[in-house]
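Colleague: how would this look folded up:
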Amino acid sequence: MFYTSGGTKLFAETMGEGQDVFLLHPTPVHHAFWRPVAEILAQRYRVVMPDLRGHGQSEAGDGPITVEKLGEDVERLMNELDIGKALFAGCSVGGYTLFELWRRMPQRIAALAFCCSKPQADADANRAKRREWIDGIRLRGTGDFFELMLNSLIGPTTRGRFPQKTGEAREMMQTTRPDAVIAMQQGLAARPDSVATAKTIRVPCSVIGAAEDGGSTVEDMKLLAETIRNGGYGAEFHVLPDAGHYAPWEQPETVGPILRRFFDSVVG
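Modeller: Numbers count the residues shown, from 1 in each chain. Next up is the predicted model:
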C-alpha cells in the first residue's frame, strides 16, 4: 500500500492476520530485510513492514531524514490502517525510531523489541565519519559506500557461510538513491541521545545484541536492557554469537522465534 506523510509518498507491505506488529528496517536496505522474520510472525500476527522514507518504494522528501520524521511517518501509517495500539520491533535506525515513537505516542505501544539499536547519540568521531561518507557519495556515488556497509553491517560469519546474503543485501541497497543515502546519514548524525528516554519506557521490552556488531555492541545493548530495567520495567536480553549489525537478516531462524515468543508473552 502507498500512503502520504508530510507530503511524501511512502510504501508499506502487510502480511498475515491478527494483532498488529510493526517491523522497522535498518538503512540502506528496505522492508524486505524483515520478510524472513515476518513469515514466522505472520502465523499469528498481522505484520506491517514500511519502507522508511528514502528507502525501497518510499520517497525521501526534503531535507535530512530524521528520526522525528520517521516517527511521524509510522504514526501516520497507524492512522491509515486504523491501528490503535501495536507491537514494535526495529533494527538499527528502525530501533532508533522506536525511541522516537515512545516519545511521541507511548499510549499506542504494547511492546518494544530493539535489535542492534543502541540508545546513545553519535559520538563526534561517528559524525565526522558520516560527513566523510556524504562527501564521498557526492563525488563518486553510492557504490563504494554500499560495499563498505556490506562489509561492516553483515557479520563475518554470515559473509563466510552464506555469501548469497551479501548479494541479496546489495540488491536492496541499490534501490536507495544517493540523495536519500545522504539525507539518512545527515539524520543519523543529528539523532538525539535516547538513554533518558529508555529510562521512561513502561512496556515489555526485548533487547537483542550481536557479538559481531561493531556499531551497537553487545555492551551497548546490555546497557540498554539494564537502563530499561533500572527505570522500573522488565527487559529480556539476548546475544547472537555469530551475527553482525544486520542480525535479523542474518539469522531470521533465531530472531524470528525470539520475537514470536516475546510477543506471545505480551498478548497471552
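Colleague: which SS class is residue 127?
Modeller: The three-state assignment at residue 127 reads helix, by DSSP: H, G, I helix; E, B strand; the rest coil.
Colleague: count of neighbours near it?
Modeller: 16 (other CB atoms under 10 Å). Glycine gets a C-beta too; all of them are placed from N, C-alpha and C.
Colleague: hang on, isn't it packed against residue 191?
Modeller: No: in this structure residue 127 lies outside contact range of residue 191 using CB atoms under 8 Å: 10.3 Å.
Colleague: Name the nearest residue to the residue nearest the centre of the chain, sequence neighbours excluded.
Modeller: By CA atoms, centre = their mean, the mean C-alpha position of the chain lies nearest to residue 94, the distance being 2.1 Å. Leaving out its chain neighbours, the residue that sits closest to residue 94 by CB to CB, 6 or more residues apart in numbering is residue 24, at 3.0 Å.
Colleague: OK, contacts around that neighbour?
Modeller: Neighbour list for residue 24: 50, 52, 70, 74, 88-91, 93-95, 97-98 [criterion: CB atoms under 8 Å, 6 or more residues apart in numbering].
Colleague: Including distance to residue 107, pLDDT and secondary structure, could those go into JSON lines?
Modeller: As requested, these are exported to JSON lines (distance: CB to CB, whole Å; pLDDT from 0 to 100; DSSP: H, G, I helix; E, B strand; the rest coil):
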{"residue": "50", "distance to residue 107": "20", "pLDDT": "98", "secondary structure": "strand"}
{"residue": "52", "distance to residue 107": "23", "pLDDT": "98", "secondary structure": "coil"}
{"residue": "70", "distance to residue 107": "19", "pLDDT": "98", "secondary structure": "helix"}
{"residue": "74", "distance to residue 107": "14", "pLDDT": "98", "secondary structure": "helix"}
{"residue": "88", "distance to residue 107": "13", "pLDDT": "98", "secondary structure": "strand"}
{"residue": "89", "distance to residue 107": "19", "pLDDT": "98", "secondary structure": "strand"}
{"residue": "90", "distance to residue 107": "19", "pLDDT": "98", "secondary structure": "strand"}
{"residue": "91", "distance to residue 107": "24", "pLDDT": "98", "secondary structure": "strand"}
{"residue": "93", "distance to residue 107": "24", "pLDDT": "98", "secondary structure": "helix"}
{"residue": "94", "distance to residue 107": "21", "pLDDT": "98", "secondary structure": "helix"}
{"residue": "95", "distance to residue 107": "20", "pLDDT": "98", "secondary structure": "helix"}
{"residue": "97", "distance to residue 107": "17", "pLDDT": "98", "secondary structure": "helix"}
{"residue": "98", "distance to residue 107": "15", "pLDDT": "98", "secondary structure": "helix"}
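Colleague: Among the residues you listed, which one has the most neighbours?
Modeller: residue 91 leads the contacts of residue 24 on contacts (other CB under 10 Å) with 32 neighbours.
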